[in-house]
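# need a 3D model of the following:
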Amino acid sequence: MKIELIGFPMFYGCDRPGVEHGPDKLRENGIVDILKKHKNDVNDNGNIEVTQVDTDKKYASHKSMKYLNEVVEGNVRLAQAVESAINKGNLPFVVGGDHSLGLGSLAGVKSAREDDFAVIWIDAHADLNVTESSPSGNIHGMPLGASAGLGDDTLTSLYKSGQKVRPENIYILGLRSVDDGEEVIIKEHGINIWRMTDIRERGMDTVINELLEKISSSGIDKIHLSYDIDSLDDQLVPGTGTPVADGLEIEESKKLIHSIIGTGKIGSIDFVEFNPVIDKNDITLHSSLSMLDAFSEALGKIR
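Now for the predicted structure:
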């Protein structure tokens, strides 16, 4: 697989400094070699430029959405990089940084692809909030909703106007922390979800089969995979901004990744929310590197 590694060093979407150091910390610990290890062709494109602003200016561009202008500007640059990678026939592998980068990733994917695509969002959170439903004003809780055309025009029209992904083509796995407003959106728009309770009650193998069957029957032939490390159990990822108990274990998460990538439909990937500044004894670093090796191994099998 030809991979373009794209760093997105931003914390503005989560309003918790440290996560912006994720891309370079992973580089220092061999992410490029890990991705190359399984015979992938990897080009490190460096980091997307992120406008610097003082934290006391977080509401300068919107009364409730924090750092709106800076998040939008960075994501427009990211969208351009993602679109360029896809147009060259490569797979953009975007490393954050917080999950607001989903705005730019999905905008870039949509701009590069004429046909509909599926989004698999592996996360403890739904990230479907709109301005009115968000309890925090943190934009990393809004990228999936905005990409589905819900919420503030500034986010829904990012890079290019129009919906980036149809709600029925969204598949969220690992959910266990969902805001009330997001529950309404899930129900009203028919978004496909598997909560951790579903995975525990029915087993990962059953959930994987259900996921892949739904995607197969939809006729979709390309998948964007967005992986938030907080999908893992909180004991495995102390170095993430919003850890949640009772999450995925490493091996079942790897099984999920191998199954998704093994469809041969994967076209773009996000890997987000590693915050090395708040990590404990490099636990999250090692969890991240272990998961990245699984991504690499699965991608290496695609020719």
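# what's the burial count for the nearest residue to Lys265 once chain neighbours are set aside?
Once flanking residues are discounted, Lys265 sits nearest to Ile223: 4.6 Å by C-beta to C-beta, 6 or more residues apart in numbering. Backbone N, C-alpha and C define where each C-beta goes, glycine included. For Ile223, the neighbour count with other C-beta atoms under 10 Å is 22.
# what residues are bridge-paired with Ile223?
Here Ile223 sits in beta bridges with Ala118, Ile266, as judged by DSSP bridges.
# need the contact list for it.
Phe117, Ala118, Val119, Ile120, Ile215, Ile260, Thr263, Lys265, Ile266, Gly267 (C-beta atoms under 8 Å, 6 or more residues apart in numbering).
# ok, the second one touching Leu225?
No. At 9.1 Å, Ala118 and Leu225 do not qualify as touching, with contact defined as C-beta atoms under 8 Å.
# could you pull out the helices in this protein for me?
Counting by DSSP state H, the chain has helices at residues 22-28, 31-36, 68-87, 102-112, 143-147, 153-156, 180-189, 196-202, 204-218, 250-261, 283-300.
# what sits against the residue nearest the centre of the chain?
Residue closest to the mean C-alpha point of the chain, counted by C-alpha atoms, centre = their mean, is Ser226 at 3.2 Å. Each residue near Ser226 by C-beta under 8 Å, 6+ apart is listed here: His99, Gly102, Ser105, Val119, Ile120, Trp121, Ile122, Asp123, Ile269, Asp270, Val272.
# over to Leu289?
With C-beta under 8 Å, 6+ apart, Leu289 has these contacts: Leu26, Asn29, Gly30, Ile31, Ile34.
# tell me how far the residue lying closest to the fourth one once chain neighbours are set aside lies from Val42.
Spatially, and ignoring its direct neighbours in sequence, Ile31 is nearest to Leu292 (6.0 Å; C-beta to C-beta, 6+ apart). If you measure Leu292 against Val42 using C-beta to C-beta, to the nearest Å, the figure is 12 Å.
# which residues do these two both contact?
Listed contacts common to Leu292 and Val42 are Leu35; contacts here mean C-beta under 8 Å, 6+ apart.
# where in the stretch 201-303 of the chain is pLDDT low?
The stretch 201-303 of the chain contains no residues with pLDDT under 70.
# returning to what we had before: rebuild the contacts of Ser226 as TSV, extending it with neighbour count.
What follows is the contacts of Ser226, written out as TSV (neighbours: other C-beta atoms under 10 Å):
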residue	neighbour count
His99	32
Gly102	31
Ser105	30
Val119	28
Ile120	24
Trp121	29
Ile122	24
Asp123	27
Ile269	23
Asp270	30
Val272	29
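# pLDDT score for the residue located most distally from the centre of the chain?
The centre of the chain is farthest from one residue, Asp56, which by C-alpha atoms, centre = their mean lies 27.1 Å away. Confidence at Asp56, expressed as pLDDT, is 90.
# tell me how far it lies from Gly46.
Asp56 sits at a distance of 29 Å from Gly46 (criterion: C-beta to C-beta).
# could you do Thr55 as well?
Distance from Thr55 to Gly46, by C-beta to C-beta: 25 Å.
# okay, now Asn281: neighbour count?
So Asn281, with other C-beta under 10 Å, has 9 neighbours.
# equivalent analysis for the one 4 residues further on, please.
By other C-beta under 10 Å, the residues close to Leu285 number 20.
# let me know the closest of the contacts of Ser226 to Ala148.
Nearest to Ala148 among the contacts of Ser226 is Val119, at 8.8 Å by C-beta to C-beta.
# OK, contacts around the closest one?
Applying C-beta under 8 Å, 6+ apart, one finds that Val119 lies in contact with Leu106, Leu144, Ser147, Val165, Asn169, Ile170, Tyr171, Ile223, His224, Ser226.
# can you pick the most crowded of those?
Top of the contacts of Val119 by neighbour number is Ser147, holding 31 neighbours under the definition other C-beta under 10 Å.
# list the residues that contact that one.
Counted by C-beta under 8 Å, 6+ apart, Ser147 has contacts Gly102, Leu103, Leu106, Ala107, Val119, Thr156, Gln163, Lys164, Val165.
# picking that back up, in TSV, list the contacts of Ile223 along with distance to Glu182.
Output for the contacts of Ile223, formatted as TSV (distance: C-beta to C-beta, whole Å):
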residue	distance to Glu182
Phe117	22
Ala118	20
Val119	15
Ile120	17
Ile215	22
Ile260	23
Thr263	27
Lys265	26
Ile266	26
Gly267	26
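# and the residues you listed, which are buried?
By neighbour count, with 16 or more other C-beta atoms under 10 Å, the contacts of Ile223 hold Phe117, Ala118, Val119, Ile120, Ile215, Ile260, Lys265, Ile266, Gly267 as buried.
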